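Enquirer: 3D model of this:
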Amino acid sequence: MILLDASASMDYSSGGVSKLQYGKFLAAALAYLAARQHDPVGLIVFDEQIRQFRPATSRAGSLQSMIHTIDGVTAGRGTNLEECFRSFGEHLKRRGLVAVISDLYCDPLKMSKAVQPLAYHGHDIMLFQLLDPRELKPEWSESVLLEDVETHQTLNVAPEYLAGEYRDKLGAHLASLRKAAADVGAHQLLISTDEPLDRALRRYLLFREGRS
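Expert: Numbering: from 1, shown residues only. From the prediction side, this is the model:
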């Protein structure tokens, strides 16, 4: 099952493809890889709630239909990753790989608790965390006014903060997410949206091969 985050924050781009566009490319590629192996594949699109659900199937023609659905996904509202995870269990009856594509702007501990029931039921959880290059390495030389696209709150940020405290907090957040995922047997792969898709897929496949 492919779980695609289509919240407003996923629509961000600093100039290249947005996180959502990259996520759609990744979701389509994962669906193609599954279909090539004749594995059933399904899709859940979510933001504050589950917006679309396609049950896992390997029937002829299902890949084309799924890619058409993925292509039509647009950014929605805010994110409630933890609550959505609690609802995912209702749709995930068959054990298998659960590929979550999101920027993972959430509380790591709350996410861990929400993911835990899925992991305990035998699902293999893979978290693809997509971040824009400017989110990973902000390079503004002057103060900027940043706006949260989901809450519309604004914050004036100095370049000194971005070069120091922001990077420290981002590093701590990423480390917390990795630990929270590992604690429940899930796995996290951080991808910058300027990384070529084939390279990101290769990193994922090499990771899977190393676990087999």
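Enquirer: Can you tell me the centre-most residue of the protein?
Expert: residue 102 (1.8 Å; C-alpha atoms, centre = their mean).
Enquirer: Distance check, that one against residue 189.
Expert: From residue 102 across to residue 189, the span is 12 Å (C-beta to C-beta, to the nearest Å). Placement of C-beta: from N, CA and C, glycine included.
Enquirer: Now for these two: what residues contact both?
Expert: Here residue 102 and residue 189 have 127-129 as joint contacts, going by C-beta atoms under 8 Å, 6 or more residues apart in numbering.
Enquirer: most surrounded residue in these?
Expert: With neighbours taken as other C-beta atoms under 10 Å, the top of those is residue 128, carrying 26 neighbours.
Enquirer: Dump the shared contacts of residue 102 and residue 189 into a markdown table; add distance to residue 62 and pLDDT as well.
Expert: What follows is the shared contacts of residue 102 and residue 189, written out as a markdown table (distance: C-beta to C-beta, whole Å; pLDDT from 0 to 100):
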| residue | distance to residue 62 | pLDDT |
| --- | --- | --- |
| 127 | 25 | 93 |
| 128 | 22 | 96 |
| 129 | 27 | 96 |
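Enquirer: now, which of the residues you listed sits nearest residue 165?
Expert: Comparing the shared contacts of residue 102 and residue 189 against residue 165 with C-beta to C-beta places residue 129 closest, at 21.1 Å.
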